[in-house]
Structure formats: C-alpha cells, structure tokens
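**Q** give me a 3D structure for the following:
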Amino acid sequence: MVNTREVAEEYRLSHWAQIMQERQETGLSIRAYCLQIGIAVNTYFYWQRRVRAAACQELMPAAHKQSEEALVPSGWAICKTEEPQPTEKVHGITVEIGGCRIAVEDGTDPGLLAKVCRVLVSL
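**A** Below is the predicted model of the structure:
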C-alpha cells in the first residue's frame, strides 16, 4: 500500500533540492535568488534544513539509527578526541566539517566515499 504522506514528502524534498541546485548554478546569493523566484529567504532555509536532514537519514542504516556505531559507514572509523601516540602508524585522513569528523581509512569503499562527497557538496 502506498503511503501518500511519504510520497508527498519525497516529492517536496526533491522539488526543494532541485531549487537549491538551480540557485547554486545561477551563482546568485540566496537572498537574490529568493527574490528572483518569489519565495521568502526563511522558507528557503527551512527547506534547506529539511533536505539536509533527509540526506543524512538516507545515509544511516535503517535498522540501527540509534547507536553511534551505526552512524559510521563500513570502512570508516569513529574518531576520538585523543591524539594518536607517536608510535602509532595512522593510515588515511580525517575531515572535520562543522564539528563533525569523518575518518577515511585505507579500506574505505570508493563508491560510498563518492556518495558522501556528493551529499556534502549539495549541502
């Protein structure tokens, strides 16, 4: 059975993601673009938050959304605040954006990394 609320929500998210993509392609500021297409800036930011939240939900495994380990994709690691010991051999990189840390190790799936990068670029 089709859930009309979910379908409507997906349609709205898709529509607003397209508007955000078009704004980026125009090179206009958010304020100028909103004025051009006739929407309030607050509306744009509200939908931007909704699209970002949906993108993050899509990356999380459905069965384990509550545990911290479930938030880390296969091939990635949870970064702790402690510094590595000088004798430890560290492979890979750690990226920190807005207080979130993403550790990319040698065995990280390139397809998953590409998907995460596409999501980050769209935000």
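**Q** hang on, residue 55 packs against residue 119?
**A** Yes - with contact defined as CB atoms under 8 Å, residue 55 counts as touching residue 119 (4.9 Å). Glycine gets a C-beta too; all of them are placed from N, C-alpha and C.
**Q** between those two, who's got more neighbours?
**A** Neighbours of residue 55 and residue 119, each counted by other CB atoms under 10 Å, are more numerous for residue 55; the result is 17 against 14.
**Q** pLDDT on whatever helix or strand the more buried one lives in, on average?
**A** With secondary structure defined by DSSP states H and E, residue 55 is part of helix 41-59. The pLDDT scores in helix 41-59 average 86.
**Q** stretch 24-37 too?
**A** Stretch 24-37 comes out at a mean pLDDT of 93.
**Q** okay, that stretch in CSV with CA atoms only?
**A** Output of stretch 24-37 as CSV, limited to C-alpha atoms (Å, rounded to 0.1, in the frame of the first residue of the first chain):
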residue,chain,number,x,y,z
GLN,A,24,23.9,27.2,-6.9
GLU,A,25,24.1,27.0,-10.7
THR,A,26,23.0,30.6,-11.1
GLY,A,27,25.7,31.9,-8.8
LEU,A,28,23.2,34.3,-7.1
SER,A,29,23.2,34.8,-3.4
ILE,A,30,20.3,33.1,-1.5
ARG,A,31,18.6,36.4,-0.9
ALA,A,32,18.9,37.5,-4.6
TYR,A,33,17.7,34.1,-5.8
CYS,A,34,14.7,34.0,-3.4
LEU,A,35,13.7,37.5,-4.6
GLN,A,36,14.0,36.4,-8.2
ILE,A,37,11.8,33.3,-7.8
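**Q** list the buried ones in it?
**A** Buried positions in stretch 24-37, judged by neighbour count with 16 or more other CB atoms under 10 Å: 33, 34.
**Q** how far does stretch 25-42 stretch from start to finish?
**A** One end of stretch 25-42 to the other measures 20 Å (CA to CA, to the nearest Å).
**Q** now tell me what touches that stretch from outside.
**A** Residues from elsewhere that reach stretch 25-42, judged by CB atoms under 8 Å, 6 or more residues apart in numbering: 19, 23, 43, 44, 45.
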